[in-house]
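>>> give me a 3D structure for the following:
(one chain, ligands or ions: 1)
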Amino acid sequence: MEKLVRLKLFILVTILGATVLLAEFLRLVVFASQPDVILITIDTLRADHVSAYGYKRATTPRIDQLAAESVLFTEAHTVAAWTVPSVVSLLTGLHPLSHGVNSGLPNWEKAEVLEQPEIPASLPLLPELMKQAGYKTFGVTENGHLPASLGFGRGFDFYSNSYFVETLAAHKEITQSPLYHEPGPRFIWIHYYAPHAPYLAREPWATEWARAAGTAIDRVPELIDPSGYEKFNYKRGSQEIAALEARYDSEIRATDEAVREALESLDPEKKALVILAADHGEEFLDHGNYGHINHYPETAKIPLLVRYPNHRFAGVRSSRLSSILDIAPTILTEAGADVPKAFQGAILQDLGTSPQPDTRELALHTRRGPGQRSDSLRAVTRMFHHFLGPPKDFDVLYDVVADPRQEHPPLNDAEQTTEFASRLAKLEQIYSEAKKAIVQYKPLSSAEAERLKTLGYIN
Ligand SMILES: [Zn+2]
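Residues are numbered from 1 along each chain as shown. Purely as a prediction, here's the structure:
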């Protein structure tokens, strides 16, 4: 009898031991199969000024090399025409109408941002999920709208924000962190700010490109807020606009140099999953404005490159509709982590090379100024815009196959325009309802609400 008990005990211990060993083995396998992940976002980089996207100037030689190793999405879109809602979508996997972080003003004197809500604590962020999946997490951002104090550092082991100072040296901060050199896979997010106004003249490119365009960089002042150019009444196609674009392009070229250094330093063996994107584009009177206000292609379309480990799908050009919302689910999938059910983007691994017909529709939502709003719907062959004034409310619909830059008069088709308006309204309703389910809000104090109302951020 005692022998039998001893035998049973022996078997039990053996099974337990084997289970522990198996678990440890599986953990090591998963660990080894988790690639380093490098997410690079470039503020204000319009897709059609990237040479890999066909731009006339060689603005991005290093990014072009990355593009050759990547899937390049030709029809990638942001969800909002400025940093805060767009980057919160990047980190939460949720549309701006679902995460609700849509306002914020820089206070240049005090190096802080005002009236910007914290990312709701109830929303899991990409770096938190990566940390749970076993990653060491590093974030370095240069846009002052992304401070740790407003939730952007949540989930990062190391996070730094330079408050609008373009250091272009994020990789150095990361590699100086002792944690960087400890074992384990790394998740790294770098957000560069340089192409955003003020458009500094980065040499030698700025002078060279301005001269080649028959202008000079000093024809235009450097302004922090590009809407300040309105008072000069520059004309589209003028030497002044050419000078602004030469300056902007030189900032892209300088950022490309930083990307080269970062990738050489952080991923010398080219084994990481690398994703490069922008938060939105930039406009130079293409549709009557400066900066980034509208949802026309110069602002709505972003570069999106995905270089997978082992460079699988290298060189694929995908024209399927894709979104900044797709980045988080794509990274989590590649890291072997679960994608939260609430996330609203697609997994690009499925989308990039899929032969399925594209039936996707993307909604963009931006609050612009007091009482103003842009809501747009991009479908495969159409883009619909609903502009809520002032100066006036109007709806327009474009055929993006015949007119990809939306520079010709919009379609004069009342029936289709109404149909697209209702499709957009339905999609926005889904996103708004998702917010009720996901976000638990602290109600605003009446003073905060009054202040936001005055500034036009709430109705
Ligand atoms: Zn931005």
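>>> tell me if the strand or helix carrying residue 38 is near the ion.
With elements delineated by DSSP states H and E, residue 38 resides in strand 37-42, which encompasses its position. No - remark: strand 37-42 sits outside contact range of the ion, by C-beta under 5 Å from the ion, the gap being at least 8.7 Å. Where you see a C-beta, it was placed from the backbone N, CA and C, and this is true even at glycine.
>>> which residues are in contact with the helix or strand following that strand?
Following strand 37-42 in sequence order, the next helix or strand is helix 61-68 (DSSP H and E). Contacts to helix 61-68, defined as C-beta atoms under 8 Å, 6 or more residues apart in numbering, come from residues 50-52, 256-257, 259-260, 263, 274, 276, 303, 305, 307, 314-315.
>>> quick check: bridge partners of residue 290?
Counting by DSSP bridges, residue 290 is bridged to residue 284.
>>> from the ion, how far out is it?
In this structure, residue 290 and the ion are 14 Å apart, going by C-beta to the ion, to the nearest Å.
>>> residues touching that residue, list them.
Shown here is residue 290, whose contacts under the criterion C-beta under 8 Å, 6+ apart are 226, 227, 229, 230, 283, 284.
>>> do you know how far residue 230 is from residue 291?
As defined by C-beta to C-beta, to the nearest Å, residue 230 lies at a distance of 10 Å from residue 291.
>>> counting neighbours, go ahead and name the busier of the two.
In this view residue 230 and residue 291 are compared by other C-beta atoms under 10 Å, and residue 291 has more residues nearby, 21 against 13.
>>> am I right that that one is in contact with residue 225?
Yes - using C-beta atoms under 8 Å, residue 291 and residue 225 qualify as a contacting pair, with a distance of 7.3 Å.
>>> residues shared between the contacts of the two?
When contacts are counted by C-beta under 8 Å, 6+ apart, residue 291 and residue 225 have residue 197 as shared neighbours.
>>> from the ion, how far out is the spatially most central residue of the chain?
Residue closest to the mean C-alpha point of the chain, counted by C-alpha atoms, centre = their mean, is residue 279 at 3.7 Å. Here the criterion is C-beta to the ion. By it, residue 279 lies 4 Å from the ion.
>>> and that residue, what does it touch?
When contacts are counted by C-beta under 8 Å, 6+ apart, residue 279 is found next to 41, 43, 44, 78, 82, 83, 86, 87, 90, 191, 302, 324.
>>> check the gap between the last one and residue 53 for me.
With distances taken as C-beta to C-beta, residue 324 is found 16 Å from residue 53.
>>> counting neighbours, go ahead and name the busier of those two.
residue 324 (26 against 20).
>>> doesn't residue 73 make contact with that one?
No - distance between residue 324 and residue 73: 10.6 Å, which falls outside the contact criterion (C-beta under 8 Å).
>>> then residue 138 would be within a strand, right?
Yes - judged by DSSP: H, G, I helix; E, B strand; the rest coil, residue 138 forms part of a strand.
>>> that one touches residue 160, doesn't it?
No - using C-beta under 8 Å as the test, residue 138 is too far from residue 160 to be in contact (9.0 Å).
>>> and these two? Which one has more around it.
residue 138 (26 against 18).
>>> enumerate the beta-bridge partners assigned to the more buried one.
With DSSP bridges applied, residue 138 shows beta-bridge pairing to residue 158, residue 188.
>>> relative to residue 157, how far out is it?
Between residue 138 and residue 157 the distance, using C-beta to C-beta, works out to 7 Å.
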